[in-house]
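>>> One predicted model, sequence on top.
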Amino acid sequence: MSRTAALLTSCVLLCGAALAAPPMVVVDENTVIKEEPAPHGAIGMTTAYRISDAAPGRTMEFRKRILHKGAAIGLHVMGHDEVYYVLSGTGEVTSDGVSKTLTAGMAAYLYTGSNSGLVQKGDEPLTIIISYPLPAPVK
């Protein structure tokens, strides 16, 4: 092995050790379930699964939320990009005055600064995944 290759290998090994990732976190959603009013206006009730709360040092949020009949995540200005991904049910997402229907398998990518919200529609609860970055790692 050449001297350059040996130095690169040593750097990779040392840097890798210094930047080792924390151990993975596995979360059973049934351990993080909470009944609570919908965020951003308390319009109706929801079932929240705060999945990523169990991950120390995380830099993003990953949550599942069920919006019960009539519930809504009220209009609010996004402080970060955010994704609403629909697992089941029907909803209407609004961003800066434009509304679109969402059903299972659809996602809305909402941008920083947009005024956005989501309303459950129909008889079936709306089940979504919400994910967004955090400004700094959570301790």
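Yep, it's here.
>>> Pull out the buried positions in the host helix or strand of residue 46.
Assessed by DSSP states H and E, residue 46 sits inside strand 45-49. By neighbour count on 16 or more other Cβ atoms under 10 Å, the buried set for strand 45-49 is 46-49. Heads up, the C-betas are built off the backbone N, CA and C, glycines and all.
>>> Could you identify the pair within those residues that is furthest apart?
Spanning the widest gap among the buried residues of strand 45-49 are 46 and 49, at 10.0 Å by Cβ to Cβ.
>>> joint contacts of the two?
The contact sets of residue 46 and residue 49 overlap at residue 65 (Cβ atoms under 8 Å, 6 or more residues apart in numbering).
>>> part of a helix, is residue 53?
Yes. The assignment for residue 53 is a helix, going by DSSP: H, G, I helix; E, B strand; the rest coil.
>>> Excluding chain neighbours, give the residue nearest to it in space.
Distance criterion Cβ to Cβ, 6 or more residues apart in numbering; nearest residue to residue 53, sequence neighbours excluded, is residue 32 at 6.3 Å.
>>> you'd agree residue 95 is up against residue 115?
Yes. Using Cβ atoms under 8 Å, residue 95 is in contact with residue 115, at 7.1 Å.
>>> more neighbours, these two?
Between residue 95 and residue 115, residue 95 has the larger neighbour count (other Cβ atoms under 10 Å), namely 18 against 13.
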